[in-house]
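Enquirer: Fold the following for me, if possible:
(chains A and B)
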Amino acid sequence: MDMTDRDNILLESFFKEAAMQQIEDNGFTERVMAQVRMCEETSLKNRRLSMLWTWFCIAVAAVLFFLFSGWQLLSVSIVSILHTLFTWFSVLITTAPTADLHIDPVVLLLLAVFVLVFLPYQTYRKLSATL
Amino acid sequence: MAEIGDIALVTQVAIFHNKRAFDQLVRKYQSPVRRFFLNQTLGNEQLSDDLAQETFIKAYTSITKFRGMSSFSTWLMRIAYNVFYDDVRSRKQTFDIDSPEITRLSSSTADAGLKQDLHQALAQLKDEERTCITLQLIDGYPIDQIANITGIHENTVKSHLRRGKEKLTNYLKANGYDR
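Expert: Residues are numbered from 1 along each chain as shown, chains lettered A, B, ... in the order given. Down below sits the predicted model:
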């Protein structure tokens, strides 16, 4: 069934009064603002608790670190990582001139664009959405 | 001009957490938001006020997400629409019955005269049809903004409007409103 002009006029006149209806505030805004203040207080309390928990974890981690001579373990790990990296690098230097490596400049360019443009842009977008 | 005023107030709320600015926004938009819920819930004032309150609190907590791509009122109505349909979904899960039944059962407030006629007429429509019809004929939003608020494709909004208007016209004629 197609709507005729008469039908449209009928609908418009039926909804005319409803369209003009203004609802009185009657303390609604005050109730909303009281809720907003309550929400803020709760969120502040949660933030404080979360910060306290973070500091507590950091303190426990620091105590355990010194209790179990963490520095020793850390220095051994760092030396081991550096040693591995140095080994990889020396292997690369020794084998690179003899290996037949074909590097496509387009792929290189795309990789550079990805690293220099896309990644910083994505990071900026994510940060600006959360902050 | 009103839009510039809204954006200035939103900026005050988002950056300086200015509650007085948010108070002004609530005062300005409480009527259309509560009216929207009143029409969706077929006149249930208590539920409408609860949902409107939830809408404004969500607007406050996520005000930094307002990018100004649409007007503040459209953004607010989109939140209101989501709040309403979240409520409908949660009721469906709780009672496992259709939402119009729930709203009809719960709309026990003493609406008089035309208000009651209006809600009885709106009860003839499905949820989505009712939303599109009230946004167009009561709140005066054009089709593209209704699509923006509801997240429904424009063509689907048009078919909801067409079907809704046909149902309403038949209902009004059957009840002697065309005389």
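
Enquirer: use CA for all of it now, contacts and neighbours both
Expert: OK.

Enquirer: what sits against residue A:34?
Expert: Contact analysis of residue A:34 by Cα atoms under 8 Å, 6 or more residues apart in numbering or on different chains lists nothing.

Enquirer: Next, find the distance separating it from residue A:55.
Expert: Distance from residue A:34 to residue A:55, counting by Cα to Cα, to the nearest Å: 32 Å.

Enquirer: Pull the number of nearby residues for residue A:79.
Expert: Residue A:79 has 11 neighbours, counted by other Cα atoms under 10 Å in any protein chain shown.

Enquirer: Secondary structure element holding it?
Expert: If you go by DSSP states H and E, residue A:79 is part of helix A:70-95.

Enquirer: burial count for residue B:140?
Expert: 13.

Enquirer: separation between the spatially most central residue of chain B and residue A:21?
Expert: In chain B, the residue lying closest to the centroid (Cα atoms, centre = their mean) is residue B:36, at 3.3 Å. Applying Cα to Cα, the value for residue B:36 to residue A:21 is 11 Å.

Enquirer: now swap in residue A:122 and tell me
Expert: Residue A:122 sits 46 Å away from residue A:21, going by Cα to Cα.

Enquirer: ok, now residue A:43?
Expert: 36 Å.

Enquirer: distance between the helix ranked longest in chain A and the chain's centre?
Expert: Criterion DSSP state H: the longest helix present in chain A is helix A:28-67. Centroid displacement of helix A:28-67 relative to its chain, using Cα atoms, centre = their mean, to the nearest Å, is 19 Å.

Enquirer: now that helix and helix A:70-95, what's the angle there?
Expert: Counting by axes from the mean of the first three to the mean of the last three Cα atoms, to 10 degrees, helix A:28-67 points 80 degrees away from the direction of helix A:70-95.

Enquirer: ok, residues contacting stretch A:16-25?
Expert: By Cα under 8 Å, 6+ apart, stretch A:16-25 touches B:27, B:30-32, B:34-35, B:115, B:118, B:137-140.

Enquirer: swap the cut-off to 6 Å and go again
Expert: If you take Cα atoms under 6 Å, 6 or more residues apart in numbering or on different chains as the criterion, stretch A:16-25 is touched by B:31, B:138.

Enquirer: taking the mean pLDDT, what do you get for it?
Expert: Averaging the model's pLDDT scores along stretch A:16-25 yields 87.

Enquirer: How far away from the center of its chain is that stretch?
Expert: 42 Å.

Enquirer: Next, the distance between the ends of that stretch.
Expert: End-to-end for stretch A:16-25, by Cα to Cα: 22 Å.

Enquirer: can you pull the buried residues of that stretch?
Expert: A:18-19 (16 or more other Cα atoms under 10 Å in any protein chain shown).

Enquirer: same question, stretch B:35-49
Expert: For stretch B:35-49, a neighbour-count test (16+ other Cα under 10 Å) marks B:35-45, B:47-49 as buried.

Enquirer: Among those residues, which one lies nearest to chain A?
Expert: For the buried residues of stretch B:35-49, the closest approach to chain A (Cα to the nearest Cα) belongs to residue B:35, at 7.1 Å.

Enquirer: Could you chop chain A up by domain?
Expert: Chain A breaks down by automatic domain parsing into domains covering A:26-67, A:69-100, A:103-131.

Enquirer: thinking again about what came up before, let me have the buried residues of stretch B:35-49 in JSON lines, extended by pLDDT.
Expert: Shown next, in JSON lines, are the buried residues of stretch B:35-49 (pLDDT from 0 to 100):
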{"residue": "B:35", "pLDDT": "94"}
{"residue": "B:36", "pLDDT": "94"}
{"residue": "B:37", "pLDDT": "95"}
{"residue": "B:38", "pLDDT": "93"}
{"residue": "B:39", "pLDDT": "92"}
{"residue": "B:40", "pLDDT": "94"}
{"residue": "B:41", "pLDDT": "93"}
{"residue": "B:42", "pLDDT": "91"}
{"residue": "B:43", "pLDDT": "89"}
{"residue": "B:44", "pLDDT": "91"}
{"residue": "B:45", "pLDDT": "91"}
{"residue": "B:47", "pLDDT": "95"}
{"residue": "B:48", "pLDDT": "95"}
{"residue": "B:49", "pLDDT": "95"}
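
Enquirer: Show me which pair in those residues is furthest apart.
Expert: Greatest spatial distance among the buried residues of stretch B:35-49 (Cα to Cα): B:42 and B:49, at 12.9 Å.

Enquirer: for residue B:34, what are its contacts?
Expert: Here residue B:34 is in contact with residue B:52 (criterion: Cα under 6 Å, 6+ apart).

Enquirer: so what pLDDT did it get?
Expert: 95.

Enquirer: Remind me which helix or strand it belongs to.
Expert: Assessed by DSSP H and E, residue B:34 sits inside helix B:19-40.
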